[in-house]
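Participant: got a predicted model here, sequence first, then my questions.
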Amino acid sequence: MELKEGKERFIQAWGALGSNWGVNRTMAQIHALLLLSPEALSAENIMEDLKISRGNANMNIRALIDWGLVYKELKPGERKEFFIAEKDLWEVVKHIIIQRKKKELEPMVKVLDEISSVEGDDPASEEFIKMVREIKLFSSKADSTLDTLVKADSNWFVGTFLKMIR
């Protein structure tokens, strides 16, 4: 397989994976392109390689910067902005965990806190209260586990993960 074909297949697969995780497909494809690039790329390079519009490229690059997955790089003598991906995959995973927590887990915990004050002693109320309590406990454990992962270094995580799968 030629490099170009391998690169295209990786970008398509990363885009599909991103959309499965709730990330915009184009955003994931831009991230994949920048991950594979040995040097920083301009928005024009990204637009050309992925055949996307300037607006689409700029919007998704900004989102990747907000997520902490991509950084601007200034080149002397150039007026264009260039972008480079975080290459440390452990850092990438940590940034994704942080963003997913903000977008998904934290809003759910907030709702659970708000609805946990429901009262009643009929069977429907008791079932509601029980289920909210269980979901809240699970969410709290998930939040704590994700915080531990974010604070851990990659060697600890890999070692722990390998022990778990043996």
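Facilitator: Thanks, I have the structure now. Numbers count the residues shown, from 1 in each chain.
Participant: domain-wise, how is the chain divided?
Facilitator: With domains defined by automatic domain parsing, the chain comprises 3-85, 89-165.
Participant: which one of the ones you listed is the most hemmed in?
Facilitator: Comparing those by mean neighbour count (mean count of other C-beta atoms under 10 Å), domain 3-85 comes out on top with a mean of 16. Where you see a C-beta, it was placed from the backbone N, CA and C, and this is true even at glycine.
Participant: average pLDDT for that domain?
Facilitator: With pLDDT averaged residue by residue, domain 3-85 scores 93.
Participant: ok, residues contacting the helix or strand hosting M59?
Facilitator: Using DSSP states H and E, M59 sits in helix 54-67. By C-beta atoms under 8 Å, 6 or more residues apart in numbering, the residues outside helix 54-67 that reach it are 24, 26-27, 30-31, 34, 43, 46-47, 50, 70-72, 83, 85, 95-96, 99.
Participant: and the spatially most central residue of the chain, what does it touch?
Facilitator: Centre of the chain computed as the mean C-alpha position; nearest residue by C-alpha atoms, centre = their mean is I96, 2.9 Å away. Counting by C-beta under 8 Å, 6+ apart, I96 touches W21, W67, L69.
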